[in-house]
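> Give me the fold of what follows.
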Amino acid sequence: MMDWRRLMSPERFRGIQARSGPDRDREGRSLRSPFLRDFDRIVYSSAFRRLQDKTQVYPFPDTDYVRTRLTHSIEVSSVGRSLGLSVGQRLVQMHKLDEPKDGGLALRPSDFGDVVAAACLAHDIGHPPFGHAGEEAIRHWFRVDRPDLLREGCTPEETSDLAHFESNAQGFRVVTRLQFWRQHGGMQLCCATLGAFTKYPRGSSRPDAASGRCEPREKFGYCQQDRPAFEEIAGRLGLLPQSGEVDAWCRHPLAYLVEAADDIAYLIVDIEDGFKSGRVPFKEVEDVLMRVAGPEAGSDRDLVDEDDRIGYLRAKAIGTLIERTVEAFCAHEADLRLGGPEIPLLERIDDREVVREVRRLCQERLYNDERKLKAEIAGFAVVRGLLEFYTDAVIALERVGYAIDRTAYLYRKTLRALPGLQNVPHRRYDWLLWVTDYVSGMTDRFAVSQYKMVRGFEVG
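Numbering: from 1, shown residues only. The predicted structure follows:
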């Protein structure tokens, strides 16, 4: 069974080259825990700021009200802090974690709140421009457009990383490698935060003993290049290996709270956005939110304004789901520490049917909206076009032995415009990741601007 004191390790990940560990305040607690410092590091990072111009549901919304990845991440973090605090209070009492043991720190309920809040804040930090359409565009590029790029110079596991691009794995790269790249370990977050952040603690493929091939996993949390980093973090946290699996660990129990915070925030808030945008009528939204919030939520009839009424019910619904999620976590806490099956906490609550109804309503009325679909098609083309343009330039560089002055005029100019050209890797898999890192880190508007520029539609 996984141990909470190891799972809440304040050791900072400073890369596999360095074995240094905890923050300075390990020897004595300050008002700002190392986990709260993680929260601040994420807030002040450029990767987090770029989320302000990355699609949440609607690309290029025509109103400032609609949420972006940035506002969504802040809301998820708010829900996550409430979940972590409530769970932490119970865990501290249940396991006497407030008593120092074996030279380790005593834990406070706020530590659990800080870990979950920080992990939630970063949970979407690896998303490419145009959200899930951008993810699909990257997969399509490597799997359908240019599979030949992966056949030479990439192992089957490395091929799976790119052909099945996953924003969760890209997020792990951002926080441990790409952001603050000049220092080992990227943001150098605490191992507890990184464990809670990793929703899918496994690589992109599993070896098939019968066929001798690697079978891709649908969801994964890190690329082959980052496998040593995750192995190091998993070891420090004491994560259990998944039984019968290779290159896979059981989730950190707090990752279930991060997942639940994301589900609660986007489901309830997307329904509110659906009403605000006129896509779902007031009565339909009111009815479903009242079912989530419970009968006591309907007692305040003084709110006659429709906007105020929906806002009130949204807050009540989120509060109710937080309470239900805390109860589900505590009821299954021992099972989670044993590495039980990955069942989302919202699927363990008594009200799971109404949550499924909200999910169906969002899918039918919001996520398949015609305007949204058209914008996603355009975004898909933009991401594919940028990958084609930059990849062709690096292929040309590869063919001339990485001597930039020997490349053709267009490729030479393109390469010199790329940031960090002096650090371009010489191995095929590594430089394909390098190009993918650059494109996936773009905001929606910057990606469109770059696409117009490389196509000659925009100058200057």
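> contacting residues around the closest residue to Val79 other than its chain neighbours?
Using CB to CB, 6 or more residues apart in numbering and skipping the chain neighbours, the partner closest in space to Val79 is Ala261 (4.2 Å). Glycine gets a C-beta too; all of them are placed from N, C-alpha and C. Going by CB atoms under 8 Å, 6 or more residues apart in numbering, Ala261 touches 76-77, 79-80, 83, 116, 120.
> neighbours around Thr55, how many?
A total of 25 residues lie near Thr55 under the criterion other CB atoms under 10 Å.
> Start the count at 52 instead of 1 going forward.
That works, and once the first residue is 52, the last one we named lands at Thr106.
> Quick check: closest non-adjacent residue to it.
Gly182 (4.1 Å).
> so how far is Leu102 from the one you found?
Plainly put, Gly182 is 11 Å away from Leu102 if you go by CB to CB, to the nearest Å.
> Mutual contacts of those two, please.
Here Gly182 and Leu102 share the contacting residues Arg120, scored by CB under 8 Å, 6+ apart.
> how near is the residue lying closest to Ser491 once chain neighbours are set aside to Trp192?
Closest residue in space to Ser491, ignoring its immediate chain neighbours: Pro179 at 3.8 Å, by CB to CB, 6+ apart. With the distance defined as CB to CB, Pro179 ends up 11 Å from Trp192.
> Between the two, which contacts overlap?
Common contacts of Pro179 and Trp192 (CB under 8 Å, 6+ apart): Val434.
> related to what we said a few turns ago, which among the contacts of Ala312 gets closest to Ala429?
Nearest to Ala429, judged by CB to CB, of the contacts of Ala312 is Val127 at 26.9 Å.
> burial count for the closest one?
Val127: 27 neighbours (other CB under 10 Å).
> Let's verify it: helix, strand, or coil?
Taking DSSP: H, G, I helix; E, B strand; the rest coil as the rule, one finds Val127 in the helix state.
> Check the gap between it and Cys171 for me.
Distance, Val127 to Cys171, using CB to CB: 5 Å.
> do the same with Glu269
Using CB to CB, Glu269 is found at 23 Å from Cys171.
> Quick check on these two: which one has the bigger neighbour count.
Legend: neighbour count by other CB under 10 Å for Glu269 and Cys171, higher for Cys171 (31 against 8).
> contacting residues around the more buried one?
Contact analysis of Cys171 by CB under 8 Å, 6+ apart lists 124, 127-128, 130-132, 309, 312-313.
> hang on, the earlier thing: how many residues are close by the residue nearest to Thr106?
Gly182 - counted by other CB under 10 Å - has 22 other residues nearby.
> Quick one: residues in contact with the helix or strand hosting Val336.
Using DSSP states H and E, Val336 falls within helix 333-344. Helix 333-344 has contacts (CB under 8 Å, 6+ apart) with 319, 322-323, 325-326, 348-349, 357, 360-361, 364-365, 367-368, 370-372, 402, 405-406, 408-409, 412.
> The residue nearest to Val130 should be in a helix, yeah?
Yes: assessed by three-state DSSP, Ala312 belongs to a helix.
> Would you mind measuring from it to Tyr460?
51 Å.
> can you give me the mean pLDDT across stretch 254-268?
Averaged across stretch 254-268, the pLDDT comes to 79.
> Next: stretch 341-350.
79.
> in it, what counts as buried?
341-345, 348 (16 or more other CB atoms under 10 Å).
> Next one, pLDDT for the residue nearest to Ser491 please.
95.
> That one contacts Phe497, doesn't it?
No: assessed by CB atoms under 8 Å, Pro179 is found out of contact with Phe497, at 11.6 Å.
> Compare these two (neighbour count), which wins?
Neighbour count, other CB under 10 Å: between Pro179 and Phe497, Pro179 has more, with 27 against 13.
> Name the SS class of that one, please.
From three-state DSSP, the assignment for Pro179 is coil.
> residue contacts, it?
By CB under 8 Å, 6+ apart, the residues touching Pro179 are 185-186, 188-189, 218, 221, 434, 490-493.
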